[in-house]
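Novice: Just the structure for this:
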Amino acid sequence: MGSFYNLDGVPIQSSSSHKDLGVTIESNLKFHQHIRSTVNKAGGISSNLLKSTVCRSADFMIALLISDIRPLTDFCSQLWNLGYLGDLRLVESVQRRWTKQVQGLYDVPYLERLRRLDLFSVKARMERYDLITCYKIFQGLSPVSPSDLFVMAPDARTRGHRFKIQVQFAATDVRKKFFSHRVVEPWNSLPSDVVEASSLPVFKTRLHRFMGDGLFHYID
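Specialist: Numbers count the residues shown, from 1 in each chain. So this is what the prediction gives:
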């Protein structure tokens with residue numbers, strides 16, 4: 001590709017994508033390439049695990065999913081999850097294929113498989129990760145402070161919970177999809193007893209109760 005900038009007289013070559021800390025970001029600030037690569041890796045590992053094991057019990061299969069497959073698909077989702085339906089379907093396909101191999105569930109619809117195995121859909125997990133990250137930021141459990149990302153809502157003390165975030169204008173669709181914007185509405189909609197939980201485990205428990213059946217909803 002052509003060069004647009006120089007450093008000490010040396011042309012700097014432009015690139016359509018760059019990988020940093022395990023995440024590939026494209027020049028248009030999207031992550032389709034990263035997601036395709038991640039899904040391919042997860043699919044390869046899934047195939048190898050299925051070929052090298054014979055046990056298909058639910059406990060065994062879920063343990064493998066959590067320890068060997070999910071860390072790949074979920075890594076740094078707060079950054080790359082821009083909510084594009086095609087991306088979510090692609091990541092969800094990994095879990096779809098894996099749960100289909102659980103003993104007795106091959107012909108069971110995906111939604112029912114999730115409920116029987118008590119697994120959250122990828123869409124719900126991504127939303128959950130966003131909200132957990134937001135809780136950590138407001139509770140001082142993250143190196144990022146609230147002022148680094150958010151502007152507090154002026155009516156935070158009178159409506160809803162005391163950590164409400166002000167909705168900021170975003171000129172581009174990509175900006176709207178980034179974490180600091182997309183998390184605002186779901187975070188503000190949480191009840192005060194969830195947001196003001198005394199600890200992270202308590203927050204997770206109350207968040208699960210609040211999300212309810214939505215934890216199994218997926219992009220079809």
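Novice: how close does Val183 get to Arg128?
Specialist: Distance, Val183 to Arg128, by CB to CB, to the nearest Å: 11 Å. All C-beta atoms are positioned from the backbone trio N, CA, C, and that covers glycine.
Novice: Backbone dihedrals for Ser77, please?
Specialist: Dihedral pair for Ser77: phi -60, psi -30, per degrees, to the nearest 10.
Novice: Does it touch Met126 like I think?
Specialist: Yes - the pair Ser77 and Met126 qualifies as a contact (CB atoms under 8 Å) at a distance of 5.1 Å.
Novice: Can you give me the pLDDT of the most centrally placed residue in the chain?
Specialist: Compute the mean C-alpha point of the chain, and by CA atoms, centre = their mean the closest residue is Met126, 2.9 Å away. Met126 is assigned 96 on the pLDDT scale.
Novice: Tyr135 now?
Specialist: 97.
Novice: On the three-state scheme, it is what?
Specialist: With DSSP: H, G, I helix; E, B strand; the rest coil as the basis, Tyr135 sits in helix.
Novice: who's in contact with it?
Specialist: Tyr135 makes contact with 141, 195, 197, 200, 203, according to CB atoms under 8 Å, 6 or more residues apart in numbering.
Novice: Please apply the same query to Phe120.
Specialist: 114, 128, 215-216.
Novice: got it, and Ser180?
Specialist: By CB under 8 Å, 6+ apart, Ser180 lies in contact with 149-150, 168.
Novice: per-residue pLDDT, it?
Specialist: Per-residue pLDDT puts Ser180 at 93.
Novice: what element comes up after the one helix or strand it maps to heading to the C-terminus?
Specialist: Counting by DSSP states H and E, the element that carries Ser180 is helix 179-182. Next helix or strand after helix 179-182 toward the C-terminus (DSSP H and E): helix 184-188.
Novice: which residues are contacting that next one?
Specialist: Contacts of helix 184-188 (CB under 8 Å, 6+ apart): 127, 130-131, 134, 150, 153, 160-161, 163-168, 195.
Novice: if we go to 7 Å?
Specialist: 127, 131, 134, 160, 164-165, 167 (CB atoms under 7 Å, 6 or more residues apart in numbering).
Novice: what do you get for stretch 50-62?
Specialist: In contact with stretch 50-62 (CB under 7 Å, 6+ apart) are residues 98, 101-103, 117.
Novice: got the end-to-end distance for that stretch?
Specialist: Its start and end residues considered, stretch 50-62 measures 13 Å (CA to CA, to the nearest Å).
Novice: List the buried residues in it.
Specialist: Buried positions in stretch 50-62, judged by neighbour count with 16 or more other CB atoms under 10 Å: 58, 61-62.
Novice: Could you check how far it is from the centre of its chain?
Specialist: Mean C-alpha position of stretch 50-62 versus that of the full chain (CA atoms, centre = their mean, to the nearest Å) differs by 25 Å.
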